[in-house]
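A.B. asks: Turn this into a model:
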Amino acid sequence: MTLKNQALLALYAYTSLVAASPLSPRHGSHDDHDHEHGEELDCFASGVEAWNTKLHIGAIFIVLVAGGLGSFLPVLGYYIPQLHIPKSALTMGKFLGTGVIIATALIHMLPGGVDALGNPCIGSRMGNYGAWPGVLAIMAILVMHLMEFLLSNHAMGKHEHSHGHQEQAHSEQSSELAKPSLAGDQENCDAVAVHTHHTHVHGLSFIDARGARAFHVSTYILELGICLHSVIIGLTLSVATGSEFTTLLIAICFHQLCEGLALGSRLAQMQHKNRAFLRAAISAAVFMFITPLGMVIGIGVRYSYQPNSPAALISIGVLDSLSAGILLYTGLVNLLAEEFGTLEFRGYGISKKAMCFAATYIGAGIMALIGKWA
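C.D. replies: Numbering: from 1, shown residues only. Predicted structure coming up:
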């Protein structure tokens, strides 16, 4: 069984346990009903008290810079050699990002989905079923797996079809050249050897092309999962006030920086035939602006926003749970299993391998620590 298959098996087993776990609150009990009835008015409370306009607007640009620094640093370092960013630093950033993504899914997203969908204000609107976060995460994992398979298969099919006629011509030529001659023509043997070598190289290029397409698909899937929960992060920050806002702002800045490094390191490795830097820069810019966009939305609806209304809780809970599934799949399958199983990684020395493992653990540890506040 390959590393990737082992990661998939472990991932499905984990999320199945989460779905069946009794830890998430059940809404059908008598105590929950009484609690919901007693706080019914609070569930629909709207508006934000003690809101500081200058501070909240300034925070938009602070978060923008933090996210941009994280996402653009690896991309610029890869495409602009004049910056003299060591390749080893970019490599460590990539493995740091692996730990960041996995920890984000398990510490920031999935518990957020459990809290939101387990809130008493939702009542019986979710069918008195307390395992929705796990179910939604599993659904996201399975959909991402199917999507990645179909898109990669489609890309490989197009590549194979475009070279089909050329390969057939080579095959026919090889058959003709391989026919024995009465004179034992040495030139035919040499031609066959040259053609066989060409076919071997072509096969390797096909494998590289297939791997590149799968890498592109998994990278865009990763960005999708990040963007989904980044909007929620921005919305949450924009409606926070007082000391909670300051603490949350600091935590989210570190969160954006680390997550940006994770995505940027992945974007820097994407190889496009045309406009490679432009495509990577656009993807990095999308990440940079998505959380501030959520903050702008939160500022716009701050007086009418009802954070404990059933609609808001269900929306946040569903998006958090789906994001957790997407990031968990990408982190374990496309980052952890894939990056540690490449020929390049296996060619590293013992000390560099140890640094890669340490970077992964540090990334996960940083996000676990940030989880105390955000």
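
A.B. asks: mind listing the helices in the stretch 201-350 of the chain by residue range?
C.D. replies: 242-268, 276-300, 310-329, 338-339, 343-346, 350-370 (DSSP state H, counting those that start in this stretch).

A.B. asks: From the contact counts, what lies against the fourth one?
C.D. replies: In this case it means helix 338-339. helix 87-103 (3 or more CB pairs under 8 Å, 6 or more residues apart in numbering; DSSP states H and E). In short, each C-beta sits where N, CA and C put it, glycine included.

A.B. asks: What are the contacting residues of the helix or strand just after the helix it packs on?
C.D. replies: As assigned by DSSP states H and E, the chain's next helix or strand after helix 87-103 is helix 110-117. The contact list for helix 110-117 (CB atoms under 8 Å, 6 or more residues apart in numbering) reads 18, 23-24, 126, 130, 132-133, 136-137, 232, 313-314, 316-318, 320-321, 324, 328.

A.B. asks: by how many degrees do helix 110-117 and helix 310-329 diverge?
C.D. replies: On the basis of axes from the mean of the first three to the mean of the last three CA atoms, to 10 degrees, helix 110-117 is oriented at 160 degrees to helix 310-329.

A.B. asks: Which helix or strand lies directly C-terminal to helix 110-117?
C.D. replies: Toward the C-terminus, helix 110-117 is succeeded by helix 132-162 as the next helix or strand (DSSP H and E).

A.B. asks: where does the chain have its least confident helix or strand?
C.D. replies: Every helix and strand of the chain was ranked by mean pLDDT, DSSP states H and E. The lowest is helix 30-38, at a mean of 45.

A.B. asks: Can you list the low-confidence ranges for the protein?
C.D. replies: Filtered on pLDDT under 70, the chain yields the residue ranges 1-42, 46-50, 155-211, 271-274.

A.B. asks: Can you tell me which residue is spatially central in it?
C.D. replies: The centroid of the chain falls nearest to L222 when counting by CA atoms, centre = their mean (2.5 Å).

A.B. asks: pretty sure that residue contacts Y329?
C.D. replies: No - L222 lies out of contact with Y329 (CB atoms under 8 Å); the separation is 9.3 Å.

A.B. asks: and the gap between G225 and G77?
C.D. replies: Per CB to CB, to the nearest Å, G225 is found 24 Å from G77.

A.B. asks: the more surrounded of these two?
C.D. replies: Using other CB atoms under 10 Å as the criterion, G225 and G77 rank with G225 on top: 25 against 20.

A.B. asks: my read: S321 touches A131, true?
C.D. replies: No - here S321 lies out of contact with A131, judged by CB under 8 Å, at a distance of 10.4 Å.

A.B. asks: Who has more neighbours out of these two?
C.D. replies: For S321 versus A131, the count of surrounding residues by other CB under 10 Å is larger for S321: 28 against 18.

A.B. asks: quick one: that one from A368, how far?
C.D. replies: Distance from S321 to A368, by CB to CB: 19 Å.

A.B. asks: do the same with L248
C.D. replies: Separation of L248 from A368 (CB to CB) stands at 17 Å.

A.B. asks: Tell me which of these two has more neighbours.
C.D. replies: L248 (19 against 15).

A.B. asks: which residues does the more buried one contact?
C.D. replies: Applying CB under 8 Å, 6+ apart to L248 gives the contacts 236-237, 240, 373-374.

A.B. asks: and with 6 Å instead?
C.D. replies: 237, 240, 374 (CB atoms under 6 Å, 6 or more residues apart in numbering).

A.B. asks: ok so, going back, just checking, the residue nearest to the centre of the chain touches T330?
C.D. replies: Yes - judged on CB atoms under 6 Å, L222 makes contact with T330 at a distance of 4.4 Å.

A.B. asks: Now the common contact residues for the two.
C.D. replies: With CB under 6 Å, 6+ apart, L222 and T330 have no common neighbours.

A.B. asks: Which residues are in contact with L106?
C.D. replies: Contact analysis of L106 by CB under 6 Å, 6+ apart lists nothing.

A.B. asks: I'd like the distance between the nearest residue to G99 once chain neighbours are set aside and M295.
C.D. replies: Spatial nearest neighbour of G99, excluding adjacent residues (CB to CB, 6 or more residues apart in numbering): G363 at 2.9 Å. Separation of G363 from M295 (CB to CB) stands at 25 Å.

A.B. asks: same thing with A116?
C.D. replies: Taking CB to CB, one finds A116 at 19 Å from M295.

A.B. asks: what's the answer for F287, then?
C.D. replies: F287 is 14 Å from M295, by CB to CB.

A.B. asks: What is the burial count for R275?
C.D. replies: 10.

A.B. asks: does D320 really touch M109, like I thought?
C.D. replies: Yes - when contacts are counted by CB under 6 Å, D320 is listed as touching M109 (5.0 Å).

A.B. asks: Please identify the deepest-packed of the helices of the stretch 201-350 of the chain.
C.D. replies: Comparing the helices of the stretch 201-350 of the chain by mean neighbour count (mean count of other CB atoms under 10 Å), helix 310-329 ranks first with a mean of 23.

A.B. asks: With adjacent residues omitted, what lies nearest to H216?
C.D. replies: M270 (5.9 Å).

A.B. asks: For G363, give me its contacts.
C.D. replies: Applying CB under 6 Å, 6+ apart to G363 gives the contacts 96, 99-100.

A.B. asks: who wins for most neighbours among those residues?
C.D. replies: Most neighbours among those, by other CB under 10 Å: V100, with 32 neighbours.

A.B. asks: Would you quantify the distance from it to R266?
C.D. replies: For V100, the distance to R266 - CB to CB - is 11 Å.

A.B. asks: same deal with L228?
C.D. replies: The gap separating L228 from R266 is 17 Å, by CB to CB.
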